[in-house]
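**Student:** have a look at this prediction, sequence included:
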Amino acid sequence: MTQQSSRQIAIIGGGPAGLIAAERLSAHGHGVTVYERMPTLGRKFLMAGRGGLNLTHSDDREAFMARYREAAGWMSSWLEVFTPADLCAWAESLGQETFVGTSGRVFPQAMKGSPLLRAWIARLERQGVQFRLRHQWAGWSADGALMFNTPEGDRVVDKPDAVLLALGGASWSKLGSDAGWVDMLRARDVEIDDFAAANCGVEIAWSEIMKSRFAGKPLKTISISLNGETVRGEAMISAYGLEGGAVYALSTPIRKALATGYPVTATIDLRPNHKIAEVTARLSDAKKGQSLANTLRKAGLSPEAISLLRESGELPTAPADLARRIKATPVTITGQTGLARAISSSGGIAREGLDIGLMIKAMPGVFVAGEMIDWEAPTGGYLLQGCFSTGIAAARGIEVWMGLQAEPEGAAVSEDAAGDGTDGE
């Protein structure tokens, strides 16, 4: 790769969006410094990998883009810059082979995020990226320099050629993203939509029996429906309500329904792989004198599912009516868990305030990536893909703004991407 004239670029935020931008820019010969207020890099990235690092998803393009809902139209241009296939190739260049799970989600073979992150940081260090940990961004000085506070109380000043903000949204604040940047940008006339919890659990007023006996138990193979939208998957019963992938995927319609101020009732299909007629036949086979609990178990319901079914009120006795209840068990949602417990957030810098290269229009030379931008997506690989893709798009935008020849769309992130993966674990 031809080395370009070196420029100095500051990246604030050491998560996936900031690090992938650092990789691209440093591979092109630019001086890159990553500032991170936490003591280590990629803390949310590692947390996301605790149950298996879901990098992206194998959906076809149309289905994949649809996961970004209202943002799908404008996110598509950035997702095309660094596609799911590109992300898999990148992981494999770091010695982390990927595979597609039965649900279509894509994971590294090691499942964990730590081997990939270690190999990634090693690559960035070889490419000359400088890391400044425990550096809290404090805004700009009167002459436009970046200011940082350190544990020693020193105020560090940097005046780079371009700045990339990759500070995250407002969820999981204990891991580093606390939206503390909002007031600093609003003071500079940057339009920012208020944050709200996304990919979060819902609150349901369970009975004491449900809370005491079944909190922490899974509801496997269910589907949840609200206002004409249905999501299949799993959920977990908690003392406050429900959480899990099937619930998270409906965060947006649930949030909008709750905003109306009216009661929100979703329905849960406890036997989504079976038609009503099949469930009715199973129930009709019950022997005379058999208890309802045994009848429901023989119809394929787990104890957790039976308890949830009973929460819906008095159960019908006719097999057909009971089957309909099993296929559409109503639950009243009273709220969503807050940002502190949410996996991600909606809200952030409004799309209208950014150009195609993700530069803030009101602040020439300042770019953004990741969850700082107002987009949201469900878990399942879509969140991480969005962060990686916007990080690459912002890196390209920086090079275009600096008047440098950008790499052709679809090319590798760095020269190492064509290697043999020896810098993996």
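**Tutor:** In hand now; what should we look at? Numbers count the residues shown, from 1 in each chain.
**Student:** pLDDT weak spots in the stretch 251-400 of the chain?
**Tutor:** By pLDDT under 70, the stretch 251-400 of the chain contains no weakly predicted segment.
**Student:** all helices of it, in order?
**Tutor:** Using DSSP state H, counting those that start in this stretch, the helices found in the stretch 251-400 of the chain span residues 251-259, 276-284, 292-298, 303-311, 319-327, 382-401.
**Student:** looking at those, which one is packed in the most?
**Tutor:** Looking across the helices of the stretch 251-400 of the chain with neighbours counted as mean count of other C-beta atoms under 10 Å, the highest average goes to helix 382-401: a mean of 26. (Glycine included, C-beta is placed from N, CA and C.)
**Student:** helices or strands up against it?
**Tutor:** helix 16-27, helix 43-48, strand 56-57, helix 72-79, helix 84-93, strand 162-165, strand 366-368 (3 or more C-beta pairs under 8 Å, 6 or more residues apart in numbering; DSSP states H and E).
**Student:** which strands and helices sit next to the longest one?
**Tutor:** Spelled out, it's helix 16-27. Secondary-structure packing of helix 16-27 (3+ C-beta pairs under 8 Å, 6+ apart): strand 8-12, strand 31-36, helix 114-126, helix 382-401.
**Student:** just the angle between the longest one and helix 16-27, please?
**Tutor:** Same thing as helix 382-401. Put simply, helix 382-401 runs at 40 degrees to helix 16-27, going by axes from the mean of the first three to the mean of the last three C-alpha atoms, to 10 degrees.
**Student:** which SS class is Ser223?
**Tutor:** Secondary structure, DSSP: H, G, I helix; E, B strand; the rest coil: Ser223 is strand.
**Student:** pretty sure it contacts Gly245?
**Tutor:** No: contact status for Ser223 versus Gly245: not in contact, 11.6 Å apart, counting by C-beta atoms under 8 Å.
**Student:** any common contacting residues for those two?
**Tutor:** Gly233 (C-beta atoms under 8 Å, 6 or more residues apart in numbering).
**Student:** rewinding a little: distance to Arg255 added to the helices and strands packed on helix 16-27, as a markdown table?
**Tutor:** Listed next are these as a markdown table, based on distance: least, C-beta to C-beta, whole Å:
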| stretch | distance to Arg255 |
| --- | --- |
| strand 8-12 | 29 |
| strand 31-36 | 30 |
| helix 114-126 | 32 |
| helix 382-401 | 16 |
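**Student:** those: which one's closest to Asp60?
**Tutor:** helix 382-401 (13.6 Å; C-beta to C-beta).
**Student:** rewinding a little: mean pLDDT lowest for which of the helices and strands packed on helix 382-401?
**Tutor:** The stretch with the lowest mean pLDDT among the helices and strands packed on helix 382-401 is helix 43-48, at a mean of 87.
**Student:** what lies in contact with that helix?
**Tutor:** With contact meaning C-beta under 8 Å, 6+ apart, helix 43-48 is reached by 15-16, 53-54, 113-114, 117, 168, 172, 175-177, 383-384.
**Student:** again, but for stretch 347-367
**Tutor:** Stretch 347-367 is touched from outside by 71, 74, 77-78, 161-165, 169-170, 185, 188-196, 368-369, 371-375, 390, 393-394, 396-398, 400-401, with contacts defined as C-beta under 8 Å, 6+ apart.
**Student:** how about a cut-off of 6 Å?
**Tutor:** If you take C-beta atoms under 6 Å, 6 or more residues apart in numbering as the criterion, stretch 347-367 is touched by 74, 162-164, 169, 189-196, 368, 372-374, 393-394, 397-398, 400.
**Student:** hang on, isn't Ala266 packed against Leu226?
**Tutor:** Yes: counting by C-beta atoms under 6 Å, Ala266 does reach Leu226; the two are 4.4 Å apart.
**Student:** more neighbours, the two?
**Tutor:** Ala266 (24 against 18; other C-beta atoms under 10 Å).
**Student:** stretch 24-41: how far from the chain's middle?
**Tutor:** Averaging C-alpha positions (C-alpha atoms, centre = their mean, to the nearest Å) puts stretch 24-41 22 Å from its chain's average.
**Student:** could you do stretch 297-307 as well?
**Tutor:** When distances are taken as C-alpha atoms, centre = their mean, stretch 297-307 is centred 32 Å away from the chain's centroid.
**Student:** pull the CA atoms of it into PDB?
**Tutor:** Extracted in PDB, the C-alpha atoms of stretch 297-307 (Å, rounded to 0.1, in the frame of the first residue of the first chain):
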ATOM      1  CA  ARG A 297     -47.100 -30.300  30.200                       C
ATOM      2  CA  LYS A 298     -48.100 -33.000  27.700                       C
ATOM      3  CA  ALA A 299     -49.000 -30.200  25.300                       C
ATOM      4  CA  GLY A 300     -45.300 -29.300  25.400                       C
ATOM      5  CA  LEU A 301     -45.300 -26.400  27.900                       C
ATOM      6  CA  SER A 302     -42.500 -26.000  30.400                       C
ATOM      7  CA  PRO A 303     -43.300 -25.100  34.000                       C
ATOM      8  CA  GLU A 304     -42.200 -21.500  33.300                       C
ATOM      9  CA  ALA A 305     -44.500 -21.300  30.300                       C
ATOM     10  CA  ILE A 306     -47.400 -22.700  32.300                       C
ATOM     11  CA  SER A 307     -46.800 -20.200  35.100                       C
END
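**Student:** dump the helices and strands packed on helix 382-401 into TSV; add distance to Gly261 as well.
**Tutor:** Below are these laid out as TSV (distance: least, C-beta to C-beta, whole Å):
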stretch	distance to Gly261
helix 16-27	36
helix 43-48	33
strand 56-57	35
helix 72-79	28
helix 84-93	39
strand 162-165	35
strand 366-368	33
